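Undergrad: For reference, the sequence and a predicted model appear below.
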Amino acid sequence: MFDYVFDSHDIYLKARQKPFVVGGGAVFWAAKRIFDITVSLMLLPLVAIFAAILLIINPLWNAGPLFYVQTRMGRHCRPFRTVKFRTMQSVTTILRGPEDPVEAHRITRLGRLLRLSRIDELPQILNVLKGEMSLIGPRPDYFEHARSYLASVPGYRERHVVRPGISGLAQVAVGYVASSEGTKSKTRADLYYIENAGFALDTRLALQTIYTI
């Protein structure tokens, strides 16, 4: 698999072969779940406040439903439905393919602000409370796109042995991707995270996520 080495400026990739093993141990994963639930419960009032505010201002700058629900691939490659504050104009069918860039023309003015601040991700703490997601972990992909990646991206199935996350190493180190090569880089980062999972790495990623916001 691959090692990610942290330096004072960034994270860079240094490849070396080794068997794929889930790191962290039972104590870490149990503590991680308790932490996920605790933090998500603390954030629930914040979600309610933003939902109330958006209900008032959405008709002006983001007309349409408050929430956006999408089926994504979760742990063990099973489908689940994620919940976000809607940032794009509503469509009945997703036309974007797995190799296509995000449909930026559909992002509303308010939606752009929600995306920049990551506020649109807040409702996913409901997925965390349900046990479908974690605060930190591999980011879940749209289910139909993920099905194609299973056949074309090495290691893509293995990245689903843990709960997907709201943020993760791939988001911090690789960023947004919209190509098979980008997905391969993201998958390598996710596999590194799973193999090297632990309190220190989760703390580092949480702090870097907050700093990015």
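TA: Good, I have the coordinates. Numbers count the residues shown, from 1 in each chain.
Undergrad: Now do the lengthiest helix in the chain: which elements does it pack against?
TA: Of all the elements of type helix in the chain, the one with the most residues (DSSP state H) is helix 25-61. If contacts are counted by 3 or more C-beta pairs under 8 Å, 6 or more residues apart in numbering; DSSP states H and E, helix 25-61 sits against strand 79-85, helix 109-117, helix 125-129, strand 134-136, helix 199-212. Using the backbone N, CA and C atoms, a C-beta is placed for each residue, glycine as well.
Undergrad: Point out the most buried one among those.
TA: Of all those, strand 134-136 has the most neighbours on average by mean count of other C-beta atoms under 10 Å, namely a mean of 24.
Undergrad: Please compute how far stretch 199-213 lies from its chain's middle.
TA: Relative to its chain's centre, stretch 199-213 lies at 13 Å (C-alpha atoms, centre = their mean, to the nearest Å).
Undergrad: Please disregard the earlier target; I meant stretch 105-117.
TA: 17 Å.
Undergrad: residue nearest the centroid of this protein?
TA: residue 139 (3.0 Å; C-alpha atoms, centre = their mean).
Undergrad: part of a helix, is that residue?
TA: No: according to DSSP: H, G, I helix; E, B strand; the rest coil, residue 139 belongs to no helix; its state is coil.
Undergrad: rewinding a little: out of the helices and strands packed on helix 25-61, which comes closest to residue 169?
TA: Closest to residue 169 of the helices and strands packed on helix 25-61 is helix 199-212 (C-beta to C-beta; 6.0 Å).
Undergrad: From the contact counts, what lies against the closest one?
TA: Packed against helix 199-212 by the contact rule (3+ C-beta pairs under 8 Å, 6+ apart) you find helix 25-61, strand 134-136, strand 165-167, helix 169-173.
Undergrad: could you redo the last one with a cut-off of 6 Å?
TA: Contacts defined by 3 or more C-beta pairs under 6 Å, 6 or more residues apart in numbering; DSSP states H and E place helix 199-212 against helix 169-173.
Undergrad: Okay, buried residues for the helix it packs on please.
TA: Of the residues in helix 169-173, 169-173 count as buried by neighbour count, 16 or more other C-beta atoms under 10 Å.
Undergrad: could you give me the average pLDDT of the helix or strand that that helix is followed by?
TA: The helix or strand immediately downstream of helix 169-173 is helix 180-195, counting by DSSP states H and E. For helix 180-195, mean pLDDT is 91.
Undergrad: Could you figure out how far helix 180-195 is turned away from helix 199-212?
TA: For helix 180-195 against helix 199-212, the angle by axes from the mean of the first three to the mean of the last three C-alpha atoms, to 10 degrees is 130 degrees.
Undergrad: Mind listing what's buried along helix 180-195?
TA: Quick answer for helix 180-195 (16+ other C-beta under 10 Å): 183-195.
Undergrad: Can you give me the distance of the closest residue to residue 73 other than its chain neighbours to residue 165?
TA: Take residue 73 and drop its neighbours on the chain: the residue closest to it by C-beta to C-beta, 6 or more residues apart in numbering is residue 146, 3.7 Å away. Residue 146 sits 15 Å away from residue 165, going by C-beta to C-beta, to the nearest Å.
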